[in-house]
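[1] My questions concern the predicted model and sequence given below.
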Amino acid sequence: SGQPYGDGILGDYTFGNNQVFAFINFGDKWKSQDSMFLFSIDPQSGNSELKHKMYTRDRQGYRPFIQGAVYWQHPDGRDIVFCQSNSWNWDKDVNQRRGDYFAVDINHDSLYWDLGFYFYVKNNNQIVGSGSTPLLAGNKLYLSSGSKLKSCIDLTTKTACWTTEIPANYLTGQYFYAPGVYYDGKLYYSVGNEKSFNIVDANDGSFVAGNKNMGGDFYASPLRVHDHAVWCTTTTGLYKMDEYAQKLAELPNEETVGGYYGSFQNGMDIDPETGYIYTTRGYAFVCLKEKE
């Protein structure tokens, strides 16, 4: 709850260097939520320590609300948490949301890097979007905004490596938390509500392949890497995908296994040691395994 500071609203949290880093908002719960506090929490004892404060006035009137936190350790050992903030300005003359990006230097109670309002809508620099939870691979961070823009930034040099747009006929999901995975030099994006499973080259942002024949996903189920492939669930089934967005295996909603059938859209996970797939089928929670 953020005691002794009073009750707050949890934005997001992430893990790193044997700590939990949690972002909690305080203030007017209905509107401004004027302050955002970053706490480090010892997972063994539960003890917390305030590490950084941020106020609405620090962000041009936009309320910081973290919904995309990623831990990264700087080569010099510093703890850095990169944040995507779905920030809102409640001023009667503004009243809009903007995607706000910055990285907090935990050790020095300061901002390591401030990208500000990073994603601007094309041809309109007054509207700024946000996107999926940032994805970290090594020292590179991959961002995705809305259905089109994808970007790569280097955390060590604080520079943008590339920014690209998905082809218009392969738009990805517009919901803000669609997770992706990095695997073997490529970025894989969930189908989202635009119903397109896409792959982008992580080195230069070029479009590799897409698949528009595997349903959609309004809940942004996680992607998982297993058995040299990327797995995902959608509104139509469970899929195992190769590096060119082609299906290696599939289990449609209609196909019965062990007496169970139905939708997978509430997500799944895979035990990397056993290969067991834990997911839902309709109203049942099930454990599956791919046939040999």
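    On my side now, so go ahead. Keep in mind it's a predicted model, so treat the numbers as computed, not measured.

[2] contacts, neighbours, all on C-alpha from now
    Fine.

[3] And residue 285, how far from residue 224?
    Taking Cα to Cα, to the nearest Å as the criterion, residue 285 is separated from residue 224 by 18 Å.

[4] So for the two, which sits in the more crowded spot?
    Regarding residue 285 and residue 224, a neighbour count based on other Cα atoms under 10 Å identifies residue 224 as having more, with 22 against 12.

[5] Could you list which residues are in contact with that one?
    For residue 224, the set of contacting residues under the criterion of Cα atoms under 8 Å, 6 or more residues apart in numbering consists of 181, 230, 231, 232, 269, 270.

[6] tell me which residues form a beta bridge with it?
    residue 231 (DSSP bridges).

[7] Give me the distance between it and residue 180.
    As defined by Cα to Cα, residue 224 lies at a distance of 9 Å from residue 180.

[8] what do you get for residue 252?
    Applying Cα to Cα, one obtains 22 Å for the distance of residue 252 from residue 180.

[9] got it, and residue 278?
    Taken as Cα to Cα, the spacing of residue 278 relative to residue 180 amounts to 19 Å.

[10] and what of residue 285?
    When Cα to Cα is the yardstick, residue 285 and residue 180 sit 23 Å from each other.

[11] Repeat that for residue 222.
    Between residue 222 and residue 180 the distance is 7 Å, computed by Cα to Cα.

[12] looking at this protein, which helix or strand is least sure?
    Scoring the helices and strands of the chain by mean pLDDT, DSSP states H and E places strand 124-129 at the bottom, with a mean of 53.

[13] Phi and psi next, for the residue of the chain positioned farthest from its centre.
    Relative to the C-alpha centroid of the chain, counting by Cα atoms, centre = their mean, residue 259 is the outermost residue, at 34.2 Å. With angles defined as degrees, to the nearest 10, residue 259 shows backbone torsions of phi 90, psi 0.

[14] tell me the pLDDT at it?
    Looking at residue 259, its pLDDT stands at 92.

[15] For it, which residues are in contact?
    Taking Cα under 8 Å, 6+ apart as the criterion, residue 259 is in contact with no other residue.

[16] Any stretches of the stretch 101-250 of the chain with poor pLDDT?
    In the predicted model of the stretch 101-250 of the chain, residues 119-131, 146-148, 173-179, 219-220 satisfy pLDDT under 70.

[17] Which strand residues bridge residue 149?
    Here residue 149 sits in beta bridges with residue 145, residue 165, as judged by DSSP bridges.

[18] tell me, how many neighbours does it end up with?
    When neighbours are defined as other Cα under 10 Å, residue 149 has 22 of them.

[19] Would you quantify the distance from it to residue 51?
    Distance from residue 149 to residue 51, by Cα to Cα: 32 Å.

[20] list the buried ones in stretch 98-111?
    For stretch 98-111, a neighbour-count test (16 or more other Cα atoms under 10 Å) marks 98, 99, 100, 101, 102, 103, 104, 105, 106, 111 as buried.

[21] ugh, typo on my part, it should be stretch 198-208
    Neighbour counts over stretch 198-208 (16+ other Cα under 10 Å) mark 198, 199, 200, 201, 202, 205, 206, 207, 208 as buried.

[22] Span of that stretch from start to end?
    Between the opening and closing residues of stretch 198-208 lies a distance of 8 Å (Cα to Cα).

[23] Same question for stretch 153-164.
    With Cα to Cα as the measure, what separates the two termini of stretch 153-164 is 12 Å.

[24] And the contacts of that stretch?
    Counting by Cα under 8 Å, 6+ apart, residues outside stretch 153-164 touching it are 74, 113, 139-142, 149-152, 204-206.

[25] Filter the residues you listed down to the ones in helices?
    When those are checked against helices using DSSP state H, none is located there.

[26] Go through the buried residues of stretch 198-208 and say which is closest to residue 94.
    Nearest to residue 94 among the buried residues of stretch 198-208 is residue 205, at 33.6 Å by Cα to Cα.

[27] Tell me who's in contact with the closest one.
    If you count contacts by Cα under 8 Å, 6+ apart, residue 205 has them with 150, 151, 152, 162, 163, 164.

[28] same thing with residue 116?
    Contacts for residue 116 were tallied using Cα under 8 Å, 6+ apart; they are 100, 101, 102.

[29] mind checking which helix or strand residue 83 is in?
    Secondary structure from DSSP states H and E places residue 83 in strand 79-89.

[30] From the contact counts, what lies against the helix or strand following that strand?
    Stepping forward along the backbone from strand 79-89, the first helix or strand reached (DSSP H and E) is strand 96-105. Contacts of strand 96-105 with other secondary structure elements, assessed using 3 or more Cα pairs under 8 Å, 6 or more residues apart in numbering; DSSP states H and E, are made with strand 79-89, strand 110-116, strand 124-129.
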